[in-house]
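What follows is a predicted protein model with its sequence.
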Amino acid sequence: MQVLSLTGKAPAQPTGRVERCAHPPARTTILYDGHCRFCVRSSALLVRLSGGQLDPLSFREEGVLARFAPLGFAQCERAMQLIRPDGRIFEGLSAAVEALSGRWFGPLARAYYLPGIRQASDRLYALVAKYRFRLAGTECDSGTCRLH
C-alpha cells in the first residue's frame, strides 16, 4: 500500500537525501547510541516490533562506524541510523518508520509522511535526541559518559 500526500503524489524520500553505505550489511541494521539508556531501550523495542528483522549495533563499539562508511560519528550522535542491505541509509524517525514498514502496522507508521506530521515529529525527535542523557541517563561503566 503506497501512502499518498494530499496532492496525490508519493511522499519524498525519508531522509531528504539518499546516502548509500559503501559496504552494506547482509541484514537491515540499526545503529544506536549504546551509552544512552533511552536509545538502548528504544532500539530493543524497535527490534521486537520489527519481528526480529533488525540487527542492532551500538555505533560506539569499536570498528562499527568503519563498517558503515560514509556514516560518521556526528550523524550517529545526532540520530539513530538504519542501513538496508541495498545500502540505503535512513536517519532518525524515518529510520524507525522504515524499520516498521513491512509489519502489519506499517501503514499506520507511514502516517509520518503526511503533511505537517513529519516536520513536527522530526523536531520532537531532535529535541529528545539532544537531551537523551538528561532524560534517561547513561549506560557505560567508564567515565566517558560524564562528558555528555
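Received, thanks.

what residue ranges in this structure score low on pLDDT?
Flagging of the chain using pLDDT under 70 yields the residue ranges 1-18, 136, 138-148.

all strands in it, in order from the N-terminus.
For the chain, the strands identified by DSSP state E occupy 19-20, 29-32, 55-58, 81-83, 88-91, in order along the chain.

Packing partners of the second one?
Taking 3 or more Cβ pairs under 8 Å, 6 or more residues apart in numbering; DSSP states H and E as contact, the helices and strands that strand 29-32 lies on are helix 37-49, strand 55-58, strand 81-83. Every C-beta, even on glycine, is put in place using the N, C-alpha and C of the backbone.

winner for burial among those?
The highest average neighbour count among the helices and strands packed on strand 29-32, using mean count of other Cβ atoms under 10 Å, belongs to strand 81-83 at a mean of 25.

Give me the sheet partners of it and which way each runs.
strand 29-32 (antiparallel), strand 88-91 (antiparallel) (DSSP bridges).

So which of those is nearest Pro107?
Evaluated with Cβ to Cβ, those place strand 88-91 nearest to Pro107, the distance being 17.6 Å.

follow-up on the earlier one: turn the helices and strands packed on strand 29-32 into a markdown table, columns for distance to Gln119.
Rendered in a markdown table, the data for the helices and strands packed on strand 29-32 read as follows (distance: least, Cβ to Cβ, whole Å):
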| stretch | distance to Gln119 |
| --- | --- |
| helix 37-49 | 21 |
| strand 55-58 | 27 |
| strand 81-83 | 20 |
